[in-house]
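In: Return a 3D structure for these sequence lines:
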Amino acid sequence: MKGIDCAVPLTVSTAKAAAAAGYVFACRYLVPAAYAWKRLTRAEAEAITGAGMMIVSVYETVNNRAASGAAAGKADGAAALLEAQAVGQPAGSVVYFAVDYDAQASDFDAIEAYLKAARAQIPAYRIGVYGSYAVVEEMARRGAAQALWQTYSWSRGRLSSRANIRQYSNDQKLAGMTVDFNESFGGEGWWNTMASAFKDVPDSYWASSAIERAVKENLMGGYPDGTFKPDQPLTRAEMAVILSRLLDRG
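Out: Below is the predicted model:
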């Protein structure tokens, strides 16, 4: 699926324009108030959700911050937690931490320590890393991140088969904004601001965001007793209803 990442906050109109252009998710920054120019707010998260898009959260202040190791990770994890709670990011989704420079093998121990220290501060969330091919591959190998977002930069044409999200083109124009284009492959850890409509789908359920989006798009619904029965097999009749709704949308 296609998505964007950008430093400029989305508005109701630009979110709708991105969704109309076929983009399914927007990657935005969880950062303290000192970085207000790129900071994700609850209002923006609601605008993105209202347009039918999902949100990917990334924490980044200084591009090589992860090279500072565990102490920086502890501080940034704590800051990311406050931001995630402020925007209403549900538990179980992912907070990515950026390694936004050409990290070398000599940096990997510090980056691992940074990520593990950050993870200890956000136990309700899964931790991800944004970085080059080398960073994604190495942090996956070390078990330092649970979700992986590969940047186009510094990857030197190599593509990680481990990546949940891959940025493939930078500095493009969309709806008057400068954005980077991304594609995703599942397990992104994205989220939206919709509270679950079903009593058997807690916010922490692994597919809660996808269920909410399917319901919002009128592709699926629940049962009369207020449940969704997320682990129940799909019947042929239910599949026919979903296909009919898709056909109605043209």
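In: quick one: the longest strand that the chain contains to chain centroid distance?
Out: Taking DSSP state E as the criterion, the chain has its longest strand at strand 165-174. When C-alpha coordinates are averaged (C-alpha atoms, centre = their mean, to the nearest Å), strand 165-174 and its chain have centres 15 Å apart.
In: Can you list the buried residues in the lowest-mean-pLDDT helix or strand in the chain?
Out: The weakest-scoring helix or strand in the chain, judged by mean pLDDT, DSSP states H and E, is helix 208-216 (a mean of 73). Judged by neighbour count using 16 or more other C-beta atoms under 10 Å, the buried positions of helix 208-216 are 208-215. Using the backbone N, CA and C atoms, a C-beta is placed for each residue, glycine as well.
In: what does stretch 146-163 give?
Out: Buried residues in stretch 146-163, counted by 16+ other C-beta under 10 Å: 146-152, 154-155, 160, 162-163.
In: Which residues does stretch 14-27 contact?
Out: The contact list for stretch 14-27 (C-beta atoms under 8 Å, 6 or more residues apart in numbering) reads 1-6, 10, 47-48, 50-58, 96, 149, 165, 174-177, 182, 184, 188, 190.
In: what does the average pLDDT come to for that stretch?
Out: The pLDDT scores in stretch 14-27 average 96.
In: Next: stretch 109-121.
Out: Mean pLDDT, computed over stretch 109-121, is 98.
In: what about residue 32, neighbour count?
Out: The number of residues packed near residue 32 is 14, by other C-beta atoms under 10 Å.
In: Return the residues in contact with it.
Out: For residue 32, counting by C-beta under 8 Å, 6+ apart, the contacting residues are 39, 61, 79, 82-83.
In: closest to residue 131 among the residues you listed?
Out: Comparing those against residue 131 with C-beta to C-beta picks out residue 61 as the nearest, at 15.3 Å.
In: from memory that closest one sits against residue 75, does it?
Out: No. Using C-beta atoms under 8 Å, residue 61 is not in contact with residue 75, being 9.8 Å away.
In: Bridging across strands, which residues link to residue 127?
Out: Beta bridges link residue 127 to residue 95, judged by DSSP bridges.
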